[in-house]
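Colleague: sequence and predicted structure below; questions after.
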Amino acid sequence: MKFDGKVVLITGGAEKAGKIFAIEFARAGADLVISHCNMPQQAAQTKKEIEELGRKCLTVEANNRNVNQIKIMVDKIRSYYGRLDVIVHNASNFNDQPIEKVTEEVWNSSIEIILKGAFFLSQAAAPLMLESGGGKVIALIGNSYYENWPNFIPHSIAKVGLAKLMQLLAITYSPYIQCNALCPASFLDSGSGDGILERRGEQLLNNGKSIMVNGVELFRGDSYDVAEALLFLASSSNYINGAVIPLDAGKSLI
């Protein structure tokens, strides 16, 4: 999984898991683009750490809800690098409300940040990717594809829609751009926290490193395990296209 000469864009890559994904791509030889929404200090720190690895990093403030900002970001990538090889749709929010408290603004924020932004970024970036012969687009979906979360309806609808978007784009841009969806279960250092799992009656074991679900103990990964899967999909055969892949130690089978 070598990415020398490749350019990787990670939305929401300035902090948390997105930052780890970016650094792991840099370790594999990629140059990075990090988009963020009003996180200049975090983005600057991530850029510094990537550059210390000997890789380039372009940071761009681009709100996924703002199509014009997305288009400007793609223009900046073209001017700075002249190419784009991989997109990781990582930017997300995590609205936690019971159904009676879901407002129009909550609904719109989930749909726009998670789904609308990914669509218009893919649309704007595809021509640049095609100029270099193609590339890979990977969307992070999470638990929502395989599990039903009553307190996260707008979030879940947006994430499932994002998985379907990857399938549609896989056919739209075949055979040049491969688009896949990765569905990690709640991992150790994910932004959702462990309280959500405990509310669902899922018992955490070994300081959260495993989880008991319906009497079956399952391994819990972390951001680095998710990053490993992202690097695999970003460098894999073009035969993997339009896939929705669970990353959950078998939780979706129970």
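Modeller: Structure received. Numbers count the residues shown, from 1 in each chain.

Colleague: helices along the stretch 1-150 of the chain, start to end?
Modeller: Assigned by DSSP state H, counting those that start in this stretch, the helices in the stretch 1-150 of the chain fall at 16-27, 40-51, 67-80, 104-110, 117-131.

Colleague: residue 60: which of those helices is closest?
Modeller: helix 67-80 (4.6 Å; Cβ to Cβ). (Glycine included, C-beta is placed from N, CA and C.)

Colleague: who are the packing partners of the closest one?
Modeller: Contacts defined by 3 or more Cβ pairs under 8 Å, 6 or more residues apart in numbering; DSSP states H and E place helix 67-80 against strand 31-36, strand 57-61, helix 117-131.

Colleague: chain center to stretch 169-183: distance?
Modeller: In terms of Cα atoms, centre = their mean, to the nearest Å, the centre of stretch 169-183 is set 15 Å apart from its chain centre.

Colleague: that one: end-to-end distance?
Modeller: From its first residue to its last, stretch 169-183 covers 17 Å (Cα to Cα, to the nearest Å).

Colleague: run a quick neighbour tally on the closest residue in space to residue 67 that isn't next to it in sequence.
Modeller: Leaving aside its sequence neighbours, residue 67 sits nearest to residue 120 (Cβ to Cβ, 6 or more residues apart in numbering; 4.8 Å). For residue 120, the tally of surrounding residues (other Cβ atoms under 10 Å) stands at 20.

Colleague: please tell me how far residue 120 sits from residue 63.
Modeller: The gap separating residue 120 from residue 63 is 11 Å, by Cβ to Cβ, to the nearest Å.

Colleague: lowest-pLDDT helix or strand in this structure?
Modeller: One helix or strand of the chain scores below all others by mean pLDDT, DSSP states H and E: helix 195-199, with a mean of 77.

Colleague: can you give me the buried ones in that one?
Modeller: By neighbour count on 16 or more other Cβ atoms under 10 Å, the buried set for helix 195-199 is 196-197.

Colleague: kindly report the same for stretch 155-170.
Modeller: By 16+ other Cβ under 10 Å, the buried positions in stretch 155-170 come out as 155-163, 165-167, 169-170.

Colleague: can you list contacts of that stretch?
Modeller: Here stretch 155-170 makes contact (Cβ atoms under 8 Å, 6 or more residues apart in numbering) with 89, 92-95, 110-111, 113-115, 118-119, 122, 137-139, 141-142, 144-145, 148-149, 177-181, 183, 241-242, 244.

Colleague: weed out the non-buried ones from these.
Modeller: 89, 92-93, 95, 110-111, 113-115, 118-119, 122, 137-139, 141-142, 144-145, 149, 177-181, 183, 241-242, 244.

Colleague: element containing residue 229?
Modeller: Of the helices and strands defined by DSSP states H and E, residue 229 is found in helix 223-235.

Colleague: and the nearest residue in space to residue 146 that is not next to it in sequence, how many neighbours does it have?
Modeller: Among residues not flanking residue 146 along the chain, residue 252 sits closest, at 4.1 Å (Cβ to Cβ, 6+ apart). When counting by other Cβ under 10 Å, one arrives at 14 neighbours for residue 252.

Colleague: likewise for residue 204?
Modeller: 15.

Colleague: any idea how far it is from residue 190?
Modeller: Distance from residue 204 to residue 190, by Cβ to Cβ: 13 Å.

Colleague: and residue 36, by the same measure?
Modeller: In terms of Cβ to Cβ, residue 36 sits 18 Å off from residue 190.

Colleague: of these two, who's got more company?
Modeller: residue 36 (25 against 21).

Colleague: measure that one to residue 123 for me?
Modeller: 21 Å.

Colleague: find the centremost residue of this protein, please.
Modeller: residue 90 (2.4 Å; Cα atoms, centre = their mean).

Colleague: need the per-residue pLDDT for that residue.
Modeller: pLDDT recorded at residue 90 is 98.

Colleague: quick check on it: phi, psi?
Modeller: phi -110, psi -20 (degrees, to the nearest 10).
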